[in-house]
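1. curious how this folds, go ahead:
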Amino acid sequence: MKMASLSPPVAVPLSSKLTTVFPQVVENHPRRWISYALLVILVGLFAWAMAGFHQPANSGVDQNGYMTTARMLVEHHRLYFTPHNPYQFVGHMMIQTPDGRIYAKYPPGMGVLGALAWMIGGGSWAIYLVDPVCTARPCFLRCWAFGTCWPGGKRAESGEA
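-> Numbers count the residues shown, from 1 in each chain. As a prediction, the model looks like this:
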C-alpha cells in the first residue's frame, strides 16, 4: 500500500488593507453625549427597580447563607464559627467539620461581595445592593461594548475595529 505524502502548508501573503464587514461611518456628533447619558440613566433606573423588587423570605431551611458568610467575615474576619455549646442552634444549610467549625454550605464568593458592600456602605443594609449592582453592571458593560465595537463607535473611529 502506497502512502500519500502531505506537503507542508504554504504561507499566503495577507493584503495590506483589511476589509471590514460593516461600512464604517465616522460621526462625531456634538450631542453624542446624550446617548451615553441616556444609557447611564436607563441602567440606573434598572438598578433602582431591581433594588426595590423584594421577594418574601423563604421560611424553609435556607438561612440566607450568603448573608451569614458576609456577617462572619465582617464581624469575626473568618468564614466559620465555633458554637459555644453543643446545643447552640445551627441551621440545616450549615456544615460542621470534624474539628467543630461550622461553615455556610455556599461558596464564599457572594459572601465576600456582601462583606465588601457592608464595609463600604457602613451597615448590613448594603448587602441588599450587591444583587442589583451585579445585575446592572453586565448590562452597562454590554451596552458599552456594543457602542464601542459597533461601526460608528469609538473603536471604529480609531480604526481598531
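2. the chain: strands as residue ranges?
-> For the chain, the strands defined by DSSP state E cover 80-81, 94-96, 102-104.
3. let me see the contact set for A47.
-> By C-beta atoms under 8 Å, 6 or more residues apart in numbering, A47 lies in contact with P132, V133, T135, A136. Glycine gets a C-beta too; all of them are placed from N, C-alpha and C.
4. can you give me the distance of C139 to A49?
-> Distance, C139 to A49, using C-beta to C-beta, to the nearest Å: 12 Å.
5. so these two - more neighbours on which side?
-> C139 (14 against 11; other C-beta atoms under 10 Å).
6. surely the more buried one is in contact with G44?
-> No: between C139 and G44 there is no contact under C-beta atoms under 8 Å: 10.7 Å.
7. intersection of neighbour lists for the two?
-> Contacts common to C139 and G44, judged by C-beta under 8 Å, 6+ apart, are absent.
8. shaky segments in the protein?
-> For the chain, the stretches with pLDDT under 70 are 1-30, 54-63, 147-161.
9. could you give the number of residues near the closest residue in space to C139 that isn't next to it in sequence?
-> Nearest residue to C139 in three dimensions, chain neighbours excluded: V43, at 5.7 Å (C-beta to C-beta, 6 or more residues apart in numbering). V43 has 18 neighbours, counted by other C-beta under 10 Å.
10. with A136 instead?
-> Applying other C-beta under 10 Å, I find that A136 has 20 neighbouring residues.
11. is it true that it touches I41?
-> No: under the criterion of C-beta under 8 Å, A136 makes no contact with I41, lying 12.0 Å away.
12. which stretches in the protein count as helices?
-> Here the chain has its helices, by DSSP state H, at 33-52, 65-76, 108-121, 130-149, 154-158.
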